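Undergrad: The sequence and its predicted three-dimensional model are supplied below.
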Amino acid sequence: MEKEEKIQIHIHEGVDVSKPIEVIIREGAAAKATEVLPTKAPESISLDGVISTPFDWLEKRVETIEQKQANIKVDREAMTIALTINETDSYNKNTITGKVQLSEVFEKFGINDERKAWAPGKLGQFLRLNRGVFEDKEKCMVMVSNLKNFTANAKSEIQKQRDPSGSMAEVYKCQVESNLPKSFSVCLAVFKGTPKERIEVEFDHYLSDGEVFLQLVSPGANEMVEAYRDSCIDQVLDKIKEIAPDIAILEV
């Protein structure tokens, strides 16, 4: 059975009861009061970019910041410039970092990277795939062949020694010096966005668990990196000093 509900209707004086009276009945829950939105912390604008990024940001926003509440940390070893604004405000502190970036191909070679260790065969395959950076393609392919046969030849020489455990390092050293050229040349860009440079690369080697690994070393490239790094950083700092002389610059 349908539930019956009684409704009382009060008619104010002066209402013409001779005409139909419209009654509207609304169903459902009443609308909730508008909720107050929670207060949120400001969004961080911290970002990373190329070495000029801190200056590029300051050039457009220097009028909006308090220079004495900002600082710049310069790390020449890491090749970075980090601009921090609102340094004492936990909610509004932000950092804009610029970095000198090595080119992708230079990083892949691992030149002067002590963490990069090449097994001779793997290095041969890598050089074969990247022979486009070599000035002399024929010399490159000869070196690739020697690298692929390097380990087998060295182990064969070790077996001829009366005291393999004591002479292993010397045998590998002799193999490096006899089978591989003292150095080779490649033509590539050291940093992103820079022209290609001719670089002389040398082989270095070390032993680990009876296996030989090669490292690529280039004193010339190292000098180039240091000179370019310092000149890039100094150029950006000079520009920043011109538009924001009150920002503290710290060498770390």
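TA: Received the coordinates, thanks.
Undergrad: which helices and strands does the longest helix belonging to the chain pack with?
TA: The residue-count maximum for a helix in the chain (DSSP state H) belongs to helix 219-243. Packing partners of helix 219-243 (3 or more CB pairs under 8 Å, 6 or more residues apart in numbering; DSSP states H and E): helix 53-61, strand 71-75, strand 80-85, strand 197-208, strand 248-251. Where you see a C-beta, it was placed from the backbone N, CA and C, and this is true even at glycine.
Undergrad: let's see 10 Å
TA: If contacts are counted by 3 or more CB pairs under 10 Å, 6 or more residues apart in numbering; DSSP states H and E, helix 219-243 sits against helix 53-61, strand 71-75, strand 80-85, strand 94-99, helix 104-109, strand 183-188, strand 197-208, strand 248-251.
Undergrad: Adjacent strands (with direction) for the last one?
TA: What it means is strand 248-251. Paired strands of strand 248-251, with direction, are strand 71-75 (parallel) (DSSP bridges).
Undergrad: ok so, going back, what separates the longest helix of the chain from the chain centre, distance-wise?
TA: Chain-centre distance of helix 219-243: 19 Å, with CA atoms, centre = their mean, to the nearest Å.
Undergrad: quick one: buried residues of it?
TA: 221, 224-225, 228-229, 232-233, 236-237, 239-240 (16 or more other CB atoms under 10 Å).
Undergrad: With distance to E251 and pLDDT added, can I get those residues in TSV?
TA: TSV is the format used below for these (distance: CB to CB, whole Å; pLDDT from 0 to 100):
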residue	distance to E251	pLDDT
A221	24	93
M224	22	91
V225	18	90
Y228	18	90
R229	13	88
C232	15	92
I233	10	94
V236	14	95
L237	10	96
K239	17	96
I240	14	97
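Undergrad: I'd like to know which helix or strand in the chain has the lowest mean pLDDT.
TA: Using mean pLDDT, DSSP states H and E, the weakest-scoring helix or strand in the chain turns out to be helix 150-160, at a mean of 57.
Undergrad: Now do the same contact list for the residue nearest to R131 when sequence neighbours are not counted.
TA: What sits nearest to R131 in space, not counting adjacent residues and going by CB to CB, 6 or more residues apart in numbering, is C140, at 4.7 Å. Counting by CB atoms under 10 Å, 6 or more residues apart in numbering, C140 touches 127-128, 130-134, 184-186.
Undergrad: Selection in ChimeraX covering whichever of those residues are buried, please.
TA: Command for ChimeraX that selects the buried part of the contacts of C140, burial taken from 16+ other CB under 10 Å:
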select :127,131,133,134,184,186
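Undergrad: Widest-spaced pair of the contacts of C140?
TA: Greatest spatial distance among the contacts of C140 (CB to CB): R128 and S185, at 16.5 Å.
Undergrad: what's the distance between I247 and F191?
TA: According to CB to CB, to the nearest Å, I247 stands 26 Å off from F191.
Undergrad: Neighbour count: these two, which is higher?
TA: I247 (22 against 19; other CB atoms under 10 Å).
Undergrad: Tell me if I'm right that that one and V74 touch.
TA: No - using CB atoms under 10 Å, I247 makes no contact with V74, being 11.8 Å away.
Undergrad: follow-up on the earlier one: inside strands: which ones of the contacts of C140?
TA: Among the contacts of C140, the residues falling in strands (DSSP state E) are 184-186.
Undergrad: ok, of these, which one's closest to L83?
TA: Lowest distance from L83 to the ones in strands among the contacts of C140 (CB to CB) belongs to V186, with 35.5 Å.
Undergrad: so what are the domain limits for this protein?
TA: 47-100+228-251, 113-217 (automatic domain parsing).
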